[in-house]
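**Student:** Here is a sequence together with a model predicted from it:
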Amino acid sequence: MGNSSTTVNAASQSLDPSGPARMSDVARLAGVSKMTVSRVLAGHSVALATRERVQQAIDELGYVADAAAGALSSGRSEFVAVLVPSLASSNFSDTVRGLTAALEPQGLQLLLGDTDYDLDREERLVRSMLRHQPRCVALTGAQHTAATRTLLVRSGIPVVEMWDLPSDPIDAVVGFSNAKAAREMVRYLQARGYRRIGFIGGAGDLDRRGYERLKGYRQEIRALSLGEPRVVRLGDSPITMSHGAPALDALLDQWPDTDAVMCVSDMSAFGAIMQCHRRGLSVPDDIAVAGFGNFEVSACSHPTITTVSVDAHGIGYRTGETLLAALNGHRAQDRAHTKVNIDYTVIARESA
């Protein structure tokens, strides 16, 4: 494989890096015919060394076979590929509804995928969806595998990253700073007289929005000279109501004098409040509890939950508008990156 690898790498220098890779590009890079590439893609019998050379070229180019080739004269479907981390979250469901409201009147339908907070799964879904030649792509977050970025950049179609403000966007962005929103919540709690403020969130880093909220909490605790951060990271994403009770117990076991806790989401905040009731603690008299997201449960809880409100439906709708504008505009390489900042606010309720 040493010689074939050298051949592929040398050939790649002569290829045009702009635009989506074609089968002819793979064939030229691998030094084989288009028929051979087709046989490899179809899983037909091909010599092992040739198959490996073709696969190396496919990986290097980020080539995606077109499952809908010839279906439409435009070569594109009327689908928009949309990826969210969890359809169980009402926030992401609202985002999908916002996208639908913006795109459906224009004759576009959603091709929807649930990544389950897994970047490798996101990559597989992107690769699969691009085979159906969507008009554009909307995906959640700013963190992706290198292969996912390559696939999306080479696709040449409009791409919007939602819910974050990445420093190095693929194309357009519709989102907000989760870190700044978390800092605003800490300032709110400090202004209400709380000084020993904890944070409970998930144990993993796959939920980058949760990670950014934790980062914002740490930054503001130090900025306000409120001592060392009191952090409990417990459970995998997505965080649910059942996460709140053991996380609160762990927080109070380590820092029993904690007078307020900021939770990564309203779901864990609700679980924490229920555990306070079981422990005989009054919220907010003994300990204040704040959430994030303004989920429906935050207004139905007893006490109602102080939270950060983000317009999830609006994120979806503005993403749809951004995609439509891009489809009616210029080629990706001629467009300036669009960045749409979504407003957020602290909703003061009974829990803090």
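**Tutor:** The structure has been received and is ready for your questions.

**Student:** Next one: Asp116 from Thr140, what distance?
**Tutor:** 12 Å (Cβ to Cβ, to the nearest Å). All C-beta spots, glycine's among them, are computed from the backbone N, C-alpha and C.

**Student:** Which neighbours do the two have in common?
**Tutor:** Pro85 (Cβ atoms under 8 Å, 6 or more residues apart in numbering).

**Student:** which one of the two has more residues nearby?
**Tutor:** Thr140 (24 against 15; other Cβ atoms under 10 Å).

**Student:** quick one: that one and Asp114 touch, right?
**Tutor:** No: using Cβ atoms under 8 Å, Thr140 makes no contact with Asp114, being 10.2 Å away.

**Student:** Mutual contacts of these two, please.
**Tutor:** Leu83, Val84, Pro85.

**Student:** Would you tell me which one of the residues you listed comes nearest to Asp311?
**Tutor:** Of all those, Asp311 sits closest to Val84, with 15.8 Å by Cβ to Cβ.

**Student:** Apart from its neighbours in sequence, what residue is nearest that closest one?
**Tutor:** Of all residues not flanking Val84 in the chain, Phe92 sits nearest, at 4.2 Å (Cβ to Cβ, 6 or more residues apart in numbering).

**Student:** residues contacting the one you found?
**Tutor:** Phe92 neighbours (Cβ under 8 Å, 6+ apart): Val84, Pro85, Ser86, Thr140, Ala312.

**Student:** Distance check, Leu281 against Pro134.
**Tutor:** 50 Å.

**Student:** More neighbours: the two, which one.
**Tutor:** Pro134 (24 against 16).

**Student:** Look up phi and psi at that one.
**Tutor:** phi -70, psi 160 (degrees, to the nearest 10).

**Student:** Could you do Thr306 as well?
**Tutor:** Main-chain torsions, Thr306, degrees, to the nearest 10: phi -70, psi 130.

**Student:** which residues touch it?
**Tutor:** By Cβ under 8 Å, 6+ apart, the contact set of Thr306 is Tyr188, Ala288, Val289, Ala290, Gly291, Val346, Ile347, Ala348, Arg349, Glu350, Ser351, Ala352.

**Student:** excluding its backbone neighbours, what's nearest it?
**Tutor:** Ala352 (4.0 Å).

**Student:** Can you tell me the SS state at the residue nearest to Val84?
**Tutor:** helix (DSSP: H, G, I helix; E, B strand; the rest coil).

**Student:** now it: how far from Asn328?
**Tutor:** 27 Å.

**Student:** Please apply the same query to Gly62.
**Tutor:** Shown here: Gly62 relative to Asn328, a distance of 26 Å by Cβ to Cβ.

**Student:** Among the two, which residue is more densely surrounded?
**Tutor:** A direct count of neighbours by other Cβ under 10 Å for Gly62 and Asn328 places Gly62 higher, at 20 against 8.

**Student:** What segments of the chain are helices?
**Tutor:** For the chain, the helices defined by DSSP state H cover 2-12, 23-30, 34-42, 48-61, 90-103, 119-130, 146-155, 178-191, 208-223, 244-254, 266-279, 296-300, 312-327.

**Student:** Turn these into a markdown table, including distance to Asp171 and mean pLDDT.
**Tutor:** A markdown table is the format used below for the helices of the chain (distance: least, Cβ to Cβ, whole Å; pLDDT from 0 to 100):
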| stretch | distance to Asp171 | mean pLDDT |
| --- | --- | --- |
| helix 2-12 | 24 | 50 |
| helix 23-30 | 22 | 92 |
| helix 34-42 | 27 | 87 |
| helix 48-61 | 19 | 92 |
| helix 90-103 | 16 | 95 |
| helix 119-130 | 14 | 96 |
| helix 146-155 | 8 | 95 |
| helix 178-191 | 20 | 98 |
| helix 208-223 | 18 | 95 |
| helix 244-254 | 37 | 97 |
| helix 266-279 | 31 | 97 |
| helix 296-300 | 32 | 94 |
| helix 312-327 | 8 | 96 |
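
**Student:** got a list of what Leu111 touches?
**Tutor:** Phe79, Val80, Ala81, Val82, Met129, His132, Pro134.

**Student:** from those, which is closest to Gly210?
**Tutor:** Closest to Gly210, out of all of the contacts of Leu111 and judged by Cβ to Cβ, is Val82, at 21.0 Å.

**Student:** my read: that closest one touches Ala138, true?
**Tutor:** Yes: if you go by Cβ under 8 Å, Val82 and Ala138 touch, sitting 4.9 Å apart.

**Student:** and the residue nearest to Thr306, what does it touch?
**Tutor:** Counted by Cβ under 8 Å, 6+ apart, Ala352 has contacts Tyr188, Leu189, Arg192, Tyr194, Ala260, Pro284, Ala288, Val289, Ala290, Thr306.

**Student:** Out of those residues, the closest to Gly201 would be?
**Tutor:** Ala290 (12.6 Å).
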